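Asker: Kindly generate the corresponding structure for this input.
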Amino acid sequence: MDFLQWDSQDVARWIESLGFPQYKACFTENFITGRKLIYVDCNTLPKLGITHFKDMQVISAHVRELMEITETPWSRSIADPRRDAVALFLEKKSRTGERAEALTFQRFLYDLDQ
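Answerer: Numbering: from 1, shown residues only. So this is what the prediction gives:
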């Protein structure tokens, strides 16, 4: 999960490596860091200035792949069982502050079971 340490320039380089150099500024100008990638999906990409539908699909898929998240949030029902632990952990880590910095995956799993 090295991407959690990425700054917006690292994210921009990653976007470029995916074949989308035209969108680097969309991520840097909106200060999208590795921690904020958890919120990047087809719903948020137009707000960043990315509106080409196929590009949105590809970028969203790569974000999920990077984070090892297989489910798509729009397909969930409130009746579904609890979400994947990795996705929940990444949401916690996307925040800033001492607690988010200190949180480890093992501690998160422990707290989740309590």
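Asker: what sits against Leu112?
Answerer: By Cβ atoms under 8 Å, 6 or more residues apart in numbering, the residues touching Leu112 are 85, 88. In short, each C-beta sits where N, CA and C put it, glycine included.
Asker: least trustworthy helix or strand in this protein by mean pLDDT?
Answerer: Taking mean pLDDT, DSSP states H and E as the measure, the helices and strands of the chain show their lowest mean at helix 85-93, namely a mean of 77.
Asker: For the nearest residue to Leu90 once chain neighbours are set aside, list the residues it contacts.
Answerer: Nearest residue to Leu90, sequence neighbours excluded (Cβ to Cβ, 6 or more residues apart in numbering): Ile38, at 4.7 Å. Under the criterion of Cβ under 8 Å, 6+ apart, the contact partners of Ile38 comprise 67, 87, 90-91, 93-94.
Asker: what do you get for Arg35?
Answerer: Applying Cβ under 8 Å, 6+ apart, one finds that Arg35 lies in contact with 4, 93-96, 100.
Asker: Please read off the pLDDT at it from the model.
Answerer: The predicted local distance difference test score for Arg35 is 89.
Asker: roughly how far apart are it and Phe53?
Answerer: Using Cβ to Cβ, to the nearest Å, Arg35 is found at 26 Å from Phe53.
Asker: now for the helix ranked longest in the chain, which elements pack on it?
Answerer: In the chain, assigned by DSSP state H, the helix with the most residues is helix 53-66. Applying 3 or more Cβ pairs under 8 Å, 6 or more residues apart in numbering; DSSP states H and E, one finds that helix 53-66 contacts helix 45-48.
Asker: Assign a three-state SS to the most centrally placed residue in the chain, would you?
Answerer: For the chain, the residue sitting closest to the mean C-alpha position, by Cα atoms, centre = their mean, is Ile38 at 2.0 Å. At Ile38 the chain is in helix, as set by DSSP: H, G, I helix; E, B strand; the rest coil.
Asker: follow-up on the earlier one: what angle do the least confident helix or strand of the chain and helix 53-66 make?
Answerer: 100 degrees (axes from the mean of the first three to the mean of the last three Cα atoms, to 10 degrees).
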